[in-house]
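**Student:** kindly return the folded structure for what I paste below:
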Amino acid sequence: MYSKIVLCISEIEDEVLTKQLGMLSERHHADVERVDAGKATRIIADCEPGVLFISDDKALLSEARSKGIATNDPASMKESYDKAMEMLKTLGKGHICTEA
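**Tutor:** Residues are numbered from 1 along each chain as shown. Take a look at the predicted model:
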């Protein structure tokens, strides 16, 4: 369980990422904090417990991992989301509904 989700990205947040953050926030009852690289560095240095750190900055992700902080990157999250949506579409196509 995460107590806080920290997002530090250099690009503009897209709709898929926003949806995923919302789902994560709801699932973990955690606030999402959007931060710049300076604030992210301080959060990593403080090693706050229960943080999920999401960033597109490889150096920050590496530093967070080395401190034992759970991490993810937006590209991997999007790829997982796309795969899940494709699986749902495939399941939907296989469903045959017959009327009585």
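
**Student:** which strands or helices does the helix or strand encompassing residue 17 pack on?
**Tutor:** Using DSSP states H and E, residue 17 falls within helix 15-28. Contact partners of helix 15-28 among helices and strands, from 3 or more CB pairs under 8 Å, 6 or more residues apart in numbering; DSSP states H and E: strand 4-8, strand 31-34, strand 51-55, helix 74-94. C-beta coordinates here come from the backbone N, C-alpha and C atoms, glycine included.

**Student:** highest mean neighbour count out of those?
**Tutor:** Counting by mean count of other CB atoms under 10 Å, strand 51-55 has the highest mean neighbour count of the helices and strands packed on helix 15-28, with a mean of 24.

**Student:** what lines up beside it in the sheet?
**Tutor:** With DSSP bridges as the test, strand 51-55 is paired with strand 4-8 (parallel), strand 70-72 (parallel).

**Student:** of all those, which lies closest to residue 41?
**Tutor:** Residue 41 lies closest to strand 4-8 among the strands paired with strand 51-55, at 9.0 Å (CB to CB).

**Student:** now the closest one and helix 15-28, what's the angle there?
**Tutor:** 160 degrees (axes from the mean of the first three to the mean of the last three CA atoms, to 10 degrees).

**Student:** now strand 4-8: how far from the chain's centre is it?
**Tutor:** With CA atoms, centre = their mean, to the nearest Å as the basis, strand 4-8 stands 8 Å off its chain's centre.
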